[in-house]
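Trainee: Kindly generate the corresponding structure for this input.
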Amino acid sequence: MAKTRKNLGTWGENKAEEFLIKKDFVILDRNFRTAYGEIDIIAEKNGRTTFVEVKTRTNNRFGNPEDSVNKSKKTKLIESALAYMQDHPELGDSWQIDVIAVYKETSGKFEVLHFPNALDGND
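Mentor: Next comes the predicted model:
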């Protein structure tokens with residue numbers, strides 16, 4: 001089951017990356033690990049660095065995927081983003097955290113929902 005969940009997560013991250021590229025984002029990194037946790041996708045558009053948390057689900061039995069980004073996860077995302085920005089001063093200081101929810105149906109159809117600036121890194 002864990003392997004299936006990991007495969008679903010990787011599939012969702014790939015769909016999120018394709019979505020971002022179509023929206024003119026440049027992908028800087030994927031699955032970047034820090035002492036605070038992992039950032040699924042790091043992208044850039046118009047001089048702003050975007051840290052993306054991707055949540056993929058096949059149903060809403062446990063709620064919407066975007067709702068699973070709880071307070072603890074938000075704190076880890078912010079700490080991870082700050083660590084990345086400290087290591088990459090060439091990116092400037094404009095950044096944000098987005099959430100992308102990917103819904104996959106058993107038929108193979110899928111939907112990508114983008115929640116920009118779900119946590120403003122400059123707050």
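Trainee: This protein: helices as residue ranges?
Mentor: 2-22, 71-87 (DSSP state H).
Trainee: Using CSV, write out every CA atom in the last one.
Mentor: Right, helix 71-87. The C-alpha atoms that make up helix 71-87 are tabulated as CSV, following Å, rounded to 0.1, in the frame of the first residue of the first chain:
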residue,chain,number,x,y,z
LYS,A,71,-0.7,23.9,10.7
SER,A,72,2.3,21.6,11.3
LYS,A,73,2.8,21.1,7.5
LYS,A,74,2.5,24.8,6.9
THR,A,75,5.2,25.5,9.5
LYS,A,76,7.5,22.9,7.9
LEU,A,77,6.9,24.4,4.4
ILE,A,78,7.8,27.9,5.6
GLU,A,79,10.9,26.7,7.4
SER,A,80,12.0,24.7,4.3
ALA,A,81,11.3,27.6,2.0
LEU,A,82,13.4,29.9,4.2
ALA,A,83,16.2,27.4,4.3
TYR,A,84,16.1,27.1,0.5
MET,A,85,16.1,30.9,0.0
GLN,A,86,19.0,31.3,2.4
ASP,A,87,21.0,28.8,0.3
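Trainee: hang on, residue 53 packs against residue 96?
Mentor: No. Using CB atoms under 8 Å, residue 53 makes no contact with residue 96, being 11.6 Å away. In this view, the C-beta of every residue, glycine as well, is placed from N, C-alpha and C.
Trainee: With neighbour numbers in mind, choose between those two.
Mentor: Applying other CB atoms under 10 Å to residue 53 and residue 96 shows that residue 53 carries more neighbours, namely 27 against 18.
Trainee: what sits against that one?
Mentor: 39-40, 69, 73, 77, 97-100, 118 (CB atoms under 8 Å, 6 or more residues apart in numbering).
Trainee: and if you look at residue 29?
Mentor: The neighbourhood of residue 29, defined by CB under 8 Å, 6+ apart, consists of 39, 41-42.
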